[in-house]
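Student: Fold the following, please.
(one chain, ligands or ions: 1)
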Amino acid sequence: MKSKGSQLPTDCPVEFPKMISGFSEEVKVRKQVSQSQHLDYLQPTSPELKHRRQRSSSFVNGKCRNRDISSLNDNKNAEETISNSNGQDIGIRNLPRQRELLNAKNGIHFTLMVAGQSGLGKTTFVNSLFSMPLISSDIEETKPIVRYKSVIEGDGTHLRFNVIDTPGFGNSMDNAFTWRTMVNYIDEEVRSYIFQEEQPDRTKMIDNRVHCCLYFLKPSKKGIDTLDIITMKKLATRVNLIPVIAKADLLTKDELKTFKMEIREIIRVQDISVCNFFGNTVLNATQDIFQKYPFSIISSSEYVLNEKGENVKGRQYKWGTVEIENERYCDFKILQKTLFDWHLVDLVESTQEYYEKCRSEMLRTRLLKARDCLTTNCVEMTEEQRKFLQEEMNFEDIEENKLKNYKCYEIINKAVMDKVATEWDPEFITRQLDAKKRFNELSNREISKFRDWKKSLFMEQENFNQEIEDLNHQLENLQLECQDLEYKLLIGKSSNNNSTDSATLVNVRIKR
Ligand SMILES: Nc1nc2c(ncn2[C@@H]2O[C@H](COP(=O)(O)OP(=O)(O)OP(=O)(O)O)[C@@H](O)[C@H]2O)c(=O)[nH]1
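Tutor: Numbering: from 1, shown residues only. Here you go, the predicted model:
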């Protein structure tokens, strides 16, 4: 899948280097007047749920927004709120409505990541959401992460909707660290936002923080793959994770029921948190997510004729049709409502709380890094900066430093933190450990080879020495034999000549 690879408008005052290569961005700013069939909300049951759902719905429900605006603009209504002359009612009860109006005016920014193994229908699902193709499926995509931007308008209010697609996930031969691409993307966007906030002009900040991740699970009767469990575990700590069963039409009703229970059990045992950021405060209002997950979905961007002869979004089979928005077949409609009607604000606001935690953690890390680099010299700094860190900063109680901390943040900037993130990257660490292990194995092998070689050399040398000694012996024996022969020869000559040369005999004897 499927991107033209066009770049996001770089209207941010500062260009931040991307730490992870291989991201591609597809910008499709589109306008869609939201269709009424998306906005006919289910009636909420509990009052709290009702209130939250109203809050969310005001961002996408144009009708609701218009009614509120007219009431706010109506001076009569405004007067009514302060009509109580003894000062008991000063109109505070209108604050939630004012807040709603403000949100409706500014719109809302929502980023959804669709993750899961390749071919499970992520693209089709996103394109089914709004009755319009947000993701083009005809362009071949080789990047592991693609971002699509769109603006969805409904009666004046608008939703800036980003989709992060992860095409080809799980297709590699070695999937040990495939999850890292998604996790790094999420972390990088949070980090980028923290550093953008430190810029003087914050009006043009680009916010691509991910608010929610739909994790697509293979419809199967054999539980969940290890790759999915590991990836969900990693994602759940960084983003509101919602597991979904993809292509639910491939399972029978009973199989689907059993599979859902199995997934819930695996998720419980593996301690994977669904919508982790919701916390206790919104739990009551978001019970539907916790009761319903994993949502079973069937996706299709095609229209078919149903039993009643109506034109509906669905899939056509030889045996009949499946309406994807019919709750008899799957949870597509409920998931759509959960995301856009009921919990849009919860998803966005809970991510903001997580962001604040990340931000304070990051600032703390930068201060500690500044302290460490005084001893390790791992960061380049001027003499003046070094002197400042040594003399002015109190690293024992960082709160004491107050605004002086900003000087540290200046030294430990984004480039330094990107490097730190790379060094802390689990794949980097594992590969580093692997490389060290392989190096040790190789050097051990070479050392033992060298030892064997030395030993065999010594043995050879001993053999040679022995051979030399043997040859010396042989030589000596031969010499003796030669002398014997010479002696015998002389004796033989003297007996033949009868004239023994006594002097020669004496000489020979002396030689022996
Ligand atoms: N039976 C069935 N098929 C589906 C469903 N959703 C999508 N498909 C089909 O599955 C195939 C793959 O769909 P995609 O949407 O491209 O899958 P993807 O997850 O985006 O795939 P990658 O981009 O490779 O990650 C297409 O032929 C779709 O028509 C579904 O709910 N049921």
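
Student: What about residue 401, how many residues nearby?
Tutor: 16 (other CB atoms under 10 Å). All C-beta spots, glycine's among them, are computed from the backbone N, C-alpha and C.

Student: ditto for residue 314
Tutor: If you count neighbours by other CB under 10 Å, residue 314 ends up with 23.

Student: ok now do it, which residues does it touch?
Tutor: Shown in contact with residue 314 (CB atoms under 8 Å, 6 or more residues apart in numbering): 300, 302, 303, 304, 306, 321, 322, 323, 324.

Student: Count the neighbours of the third one for me.
Tutor: So the one you mean is residue 303. Residue 303 has 13 neighbours, counted by other CB under 10 Å.

Student: Also the fourth one?
Tutor: Using other CB under 10 Å as the criterion, residue 304 is surrounded by 18 other residues.

Student: Let's verify it: helix, strand, or coil?
Tutor: strand (DSSP: H, G, I helix; E, B strand; the rest coil).

Student: measure the closest residue in space to it that isn't next to it in sequence to residue 300 for me?
Tutor: Spatially, and ignoring its direct neighbours in sequence, residue 304 is nearest to residue 314 (4.4 Å; CB to CB, 6 or more residues apart in numbering). For residue 314, the distance to residue 300 (CB to CB, to the nearest Å) stands at 6 Å.

Student: Residues that sit against both of the two, list them.
Tutor: residue 324.

Student: for the closest residue to residue 378 other than its chain neighbours, phi and psi?
Tutor: Spatially, and ignoring its direct neighbours in sequence, residue 378 is nearest to residue 372 (7.2 Å; CB to CB, 6+ apart). With angles defined as degrees, to the nearest 10, residue 372 sits at phi -60, psi -40.

Student: Looks like residue 372 contacts residue 365 (just checking).
Tutor: No: the pair residue 372 / residue 365 is not scored as a contact, 10.2 Å apart, by CB atoms under 8 Å.

Student: quick one on the thing from earlier: would you list the contacts of residue 314 in a markdown table and tack on distance to the ligand?
Tutor: A markdown table is the format used below for the contacts of residue 314 (distance: CB to the nearest ligand atom, whole Å):
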| residue | distance to the ligand |
| --- | --- |
| 300 | 6 |
| 302 | 9 |
| 303 | 14 |
| 304 | 13 |
| 306 | 16 |
| 321 | 12 |
| 322 | 8 |
| 323 | 12 |
| 324 | 7 |
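
Student: most neighbours, which of those residues?
Tutor: Top of the contacts of residue 314 by neighbour count (other CB under 10 Å): residue 324, with 25 neighbours.

Student: And the residue of the chain found nearest the ligand, how close does it get to residue 273?
Tutor: Nearest to the ligand, among the residues of the chain, is residue 121, at 2.7 Å (CB to the nearest ligand atom). Relative to residue 273, residue 121 is positioned 25 Å away (CB to CB).

Student: Of all residues in the protein, which one is nearest the centre?
Tutor: Residue closest to the mean C-alpha point of the chain, counted by CA atoms, centre = their mean, is residue 183 at 1.5 Å.

Student: Let me see the confidence value for residue 16.
Tutor: At residue 16, the predicted lDDT confidence score is 30.

Student: repeat for residue 485
Tutor: With respect to pLDDT, residue 485 scores 92.

Student: Let me know the helix or strand that it is in.
Tutor: Applying DSSP states H and E as the criterion places residue 485 in helix 426-497.

Student: Give me the distance from that helix to the chain's centre.
Tutor: 61 Å (CA atoms, centre = their mean, to the nearest Å).

Student: And it, what does it pack against?
Tutor: Judged by 3 or more CB pairs under 8 Å, 6 or more residues apart in numbering; DSSP states H and E, helix 426-497 is in contact with helix 502-511.

Student: Now the helix it packs on: average pLDDT?
Tutor: 54.

Student: was I right about the residue nearest to the centre of the chain contacting residue 235?
Tutor: Yes: the pair residue 183 and residue 235 passes the contact test of CB under 8 Å, sitting 6.8 Å apart.

Student: Once you drop chain neighbours, what's closest to residue 422?
Tutor: Closest to residue 422 by CB to CB, 6+ apart is residue 428, at 5.9 Å.

Student: Surely that neighbour is in contact with residue 420?
Tutor: No: at 11.1 Å, residue 428 and residue 420 do not qualify as touching, with contact defined as CB under 8 Å.

Student: Residue 121 and residue 273: who's more crowded?
Tutor: residue 121 (20 against 14).

Student: CA atoms of stretch 454-472 as PDB?
Tutor: Output in PDB follows, covering the C-alpha atoms of stretch 454-472 (Å, rounded to 0.1, in the frame of the first residue of the first chain):
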ATOM      1  CA  LYS A 454      50.900 -23.800  18.400                       C
ATOM      2  CA  LYS A 455      50.500 -27.100  20.100                       C
ATOM      3  CA  SER A 456      50.800 -29.000  16.800                       C
ATOM      4  CA  LEU A 457      53.800 -26.800  15.900                       C
ATOM      5  CA  PHE A 458      55.500 -27.800  19.100                       C
ATOM      6  CA  MET A 459      54.800 -31.400  18.500                       C
ATOM      7  CA  GLU A 460      56.200 -31.200  14.900                       C
ATOM      8  CA  GLN A 461      59.200 -29.500  16.300                       C
ATOM      9  CA  GLU A 462      59.700 -32.300  18.800                       C
ATOM     10  CA  ASN A 463      59.400 -34.800  16.000                       C
ATOM     11  CA  PHE A 464      61.900 -33.000  14.000                       C
ATOM     12  CA  ASN A 465      64.300 -32.800  16.900                       C
ATOM     13  CA  GLN A 466      63.900 -36.500  17.400                       C
ATOM     14  CA  GLU A 467      64.500 -37.200  13.800                       C
ATOM     15  CA  ILE A 468      67.600 -35.000  13.800                       C
ATOM     16  CA  GLU A 469      68.900 -36.900  16.900                       C
ATOM     17  CA  ASP A 470      68.200 -40.200  15.200                       C
ATOM     18  CA  LEU A 471      70.000 -39.000  12.100                       C
ATOM     19  CA  ASN A 472      73.000 -37.900  14.200                       C
END
